[in-house]
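> Give the three-dimensional model of this entry:
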Amino acid sequence: MAYLDNSTITVDAILTKKGRERLSSGGKGQNGFQITQFALGDDEIDYSLWDPTHADGTSAYGAVIENTPMFEAISDETQTMRSKLLTLPKGSPKVPIIDLAGTENNALTLTSANGTEHTISPITTNIAGADTTLGYTFILHNGTLASLQVIDSVSTNLVGTVPSFMGDITQQYTVSEVGLSVKLKVKTLISTSGNHYTKLSIIGNETGAQKTIDITVVPQSETTTTTSS
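Numbering: from 1, shown residues only. Below is the predicted model:
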């Protein structure tokens, strides 16, 4: 969903199959179409464009940002709302940021032939001790390519929740775990169609801090075995 411009309240939205069914039915109440929750994000904004040296004065410092075109609505939830606006308790001194050692450029490559494993141990920086009690929710968007195993669990019994959309069949492949750290292990995969791609989303259960890792899975090459009798 996206605002078309900053002068109207009109929005552009892509509905799920179930959403289209409810909208076309014209029903009201529980079976009708109604938006009950929404989130806001600023994926398209580059705050480095804020220019306090602009010749036109303070009113023009953010002129470039204010005139930046908004993204159109897209149906892939892994490619949008990656920079959600979040509400922090009053008096919070800083915005929580998740740091991951060993994930240069927020990307990992797993090789099926080598059975690659990688330990994911996030740390919420800027706020001392943040997310150390309730830990993190790890969401692997395609569990057919790799698996998640909790290494360091949290003391509180939490169950990972996976964002879902009504009628979205891809949810059967999504894996979610809660803990302080997890092991990401590639699955045996044989393919001639090239590399496969997915994402791992990490959410701080106390702060709401979020981070997404791009994952490339390199499958084994398909081989032909001749058996003689």
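> okay, CA-based contacts and neighbour counts for the rest of this
Fine.
> Pull the residues that contact stretch 195-207.
78, 88, 96, 98, 124, 130-131, 133-142, 145, 209-219 (CA atoms under 8 Å, 6 or more residues apart in numbering).
> Now list the buried members of those residues.
Buried by 16 or more other CA atoms under 10 Å: 96, 98, 124, 130-131, 134-142, 145, 209-219, out of those.
> Would you point out which residue is most central in the protein?
Central residue of the chain (CA atoms, centre = their mean): residue 201, 4.4 Å from the mean position.
> tell me how far the longest helix seen in the chain is from the chain's mean position?
Looking across the chain with DSSP state H, the single longest helix is helix 17-25. Taking CA atoms, centre = their mean, to the nearest Å, one finds helix 17-25 lying 26 Å from the centre of the chain it belongs to.
> For that helix, buried residues please.
Buried residues in helix 17-25, counted by 16+ other CA under 10 Å: 19, 22-23.
> Take the buried ones among the contacts of stretch 195-207 and keep only those in helices.
Among the buried ones among the contacts of stretch 195-207, no member lies in helices (by DSSP H).
> and the nearest residue to the residue nearest to the centre of the chain once chain neighbours are set aside, what pLDDT?
Excluding the flanking residues, the one nearest residue 201 by CA to CA, 6 or more residues apart in numbering is residue 212, at 4.4 Å. Residue 212 carries a pLDDT value of 86.
> who touches residue 183 in this structure?
117-120, 147-151.
> burial of the nearest residue to residue 117 once chain neighbours are set aside, as a residue count?
Spatially, and ignoring its direct neighbours in sequence, residue 117 is nearest to residue 185 (4.4 Å; CA to CA, 6+ apart). Counted with other CA atoms under 10 Å, residues neighbouring residue 185 total 19.
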